[in-house]
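Enquirer: Generate coordinates for the sequence data below:
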Amino acid sequence: MPNAWDVGSAVRFAAMGFPALATTSSGHAMSLGRDDQQVGFDELCAHAASLVAAVDVPVSVDSERLFATTAAGVAANVATLAAAGVAGLSIEDYDPATGAIDPLEPAAERVEAAATTARAHGLVLTARAENHLYGIDDFDDTVHRLDTYRRAGADVAYAPGLTDPERIRTVVTATRAPVNVLLLPDGPDPAELAGLGVRRASTGGRLARIAYDAACSVAGELSAGQGPPERATTEP
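Expert: Model prediction:
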């Protein structure tokens, strides 16, 4: 499942035949000239609605922490995203305000609130355990968190940053839930992930970074007097 960062990328990915798309918080932030976690909730909702309106496939939203610290706030924001027409959304346990992973109990309470409201609106909720994305190599805690989030009502388990096949297989068997894996250069490819029991693979912000890096590379060639660019597949 590719993560689109704007309407143009979403339309192109949908035209390639992907059955569903996701957004990317870091890619969306890049498109606005910002860093990840620097986009507000109202901007996220408008972004999600624009992608939903542009394509005919389900769109799942990278909704970070759901922009709320309380269970009630989480539930309210899930309902708002449902009104934007999304098919799914996610909730993370990393708090950029503290620079730390949430304690398990309040994290699970937030997942439960999100899951209850998501279920009422027919949305798929992905719960994310962020340890490995932030350099915390506590695999046992990651598995325990994902299992706790599943029991709290999450539909999909996701621990971005895992690349070891046996660890990925352990997540699949331990959580007894559909598992999403972030595709990384040093990790298994989609076919290998399927063999491990993974149900969904996503790209995160990598496609956006690749696109922006390629554009900047060509722009650099132009700046150095080399050009015109020859890598585009269509005329302007």
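Enquirer: alpha carbons only for contacts and neighbour counts from here, please
Expert: Fine.
Enquirer: Surely Arg12 is within a helix?
Expert: Yes. Under DSSP: H, G, I helix; E, B strand; the rest coil, Arg12 sits within a helix.
Enquirer: And the helix or strand bottoming out on mean pLDDT in the chain, what does it pack against?
Expert: Least confident helix or strand of the chain, by mean pLDDT, DSSP states H and E, is helix 206-223 with a mean of 96. Packing partners of helix 206-223 (3 or more C-alpha pairs under 8 Å, 6 or more residues apart in numbering; DSSP states H and E): strand 3-4, helix 25-31.
Enquirer: Deepest in the core, which of these is it.
Expert: Of all the helices and strands packed on helix 206-223, strand 3-4 has the most neighbours on average by mean count of other C-alpha atoms under 10 Å, namely a mean of 28.
Enquirer: partners of it, with directions?
Expert: strand 21-23 (parallel) (DSSP bridges).
Enquirer: And the average pLDDT for the partner strand is what?
Expert: Per-residue pLDDT over strand 21-23 has a mean of 99.
Enquirer: any weak-confidence spans in the chain?
Expert: Along the chain, the parts satisfying pLDDT under 70 run over 230-236.
Enquirer: Find the centremost residue of this protein, please.
Expert: Asp62 (4.2 Å; C-alpha atoms, centre = their mean).
Enquirer: That one and Pro229, how far apart?
Expert: 33 Å (C-alpha to C-alpha, to the nearest Å).
Enquirer: got it, and Glu112?
Expert: 51 Å.
Enquirer: Look at those two and report which has more neighbours.
Expert: Glu112 (23 against 11; other C-alpha atoms under 10 Å).
Enquirer: what's the closest of the helices and strands packed on helix 206-223 to Gly85?
Expert: strand 3-4 (16.1 Å; C-alpha to C-alpha).
Enquirer: what residues does that closest one touch?
Expert: When contacts are defined by C-alpha atoms under 8 Å, 6 or more residues apart in numbering, strand 3-4 is touched by residues 10, 13, 21-24, 27, 202-205, 207-208.
Enquirer: Can you point out the buried residues in the least confident helix or strand of the chain?
Expert: Arg206, Leu207, Ala208, Val218, Ala219 (16 or more other C-alpha atoms under 10 Å).
Enquirer: Closest one of these to Ser31?
Expert: Looking across the buried residues of helix 206-223 and measuring by C-alpha to C-alpha, the closest to Ser31 is Ala208, at 8.4 Å.
Enquirer: With adjacent residues omitted, what lies nearest to the closest one?
Expert: If the residues on either side of it in the chain are set aside, Ala208 comes closest to Gly27, at 5.3 Å by C-alpha to C-alpha, 6 or more residues apart in numbering.
Enquirer: Please apply the same query to Gly227.
Expert: Nearest to Gly227 is Glu221, by C-alpha to C-alpha, 6+ apart, at 6.6 Å.
Enquirer: Could you measure from that neighbour over to Ala4?
Expert: 26 Å.
Enquirer: could I get stretch 58-78 in CSV with only the CA atoms?
Expert: The C-alpha trace of stretch 58-78 is given here as CSV (Å, rounded to 0.1, in the frame of the first residue of the first chain):
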residue,chain,number,x,y,z
PRO,A,58,-10.1,3.5,0.2
VAL,A,59,-7.7,6.0,1.9
SER,A,60,-6.2,5.3,5.3
VAL,A,61,-4.8,8.3,7.2
ASP,A,62,-1.5,8.5,9.0
SER,A,63,-3.1,10.4,11.9
GLU,A,64,-0.1,10.4,14.3
ARG,A,65,-1.3,10.5,17.9
LEU,A,66,-4.7,11.6,16.7
PHE,A,67,-3.8,15.0,18.0
ALA,A,68,-5.2,14.5,21.5
THR,A,69,-3.9,13.4,24.9
THR,A,70,-7.2,12.3,26.4
ALA,A,71,-9.5,9.4,25.4
ALA,A,72,-12.3,11.8,24.8
GLY,A,73,-10.2,14.0,22.5
VAL,A,74,-9.0,10.9,20.6
ALA,A,75,-12.6,9.8,20.1
ALA,A,76,-13.7,13.2,18.9
ASN,A,77,-10.9,13.4,16.4
VAL,A,78,-11.7,9.9,15.0
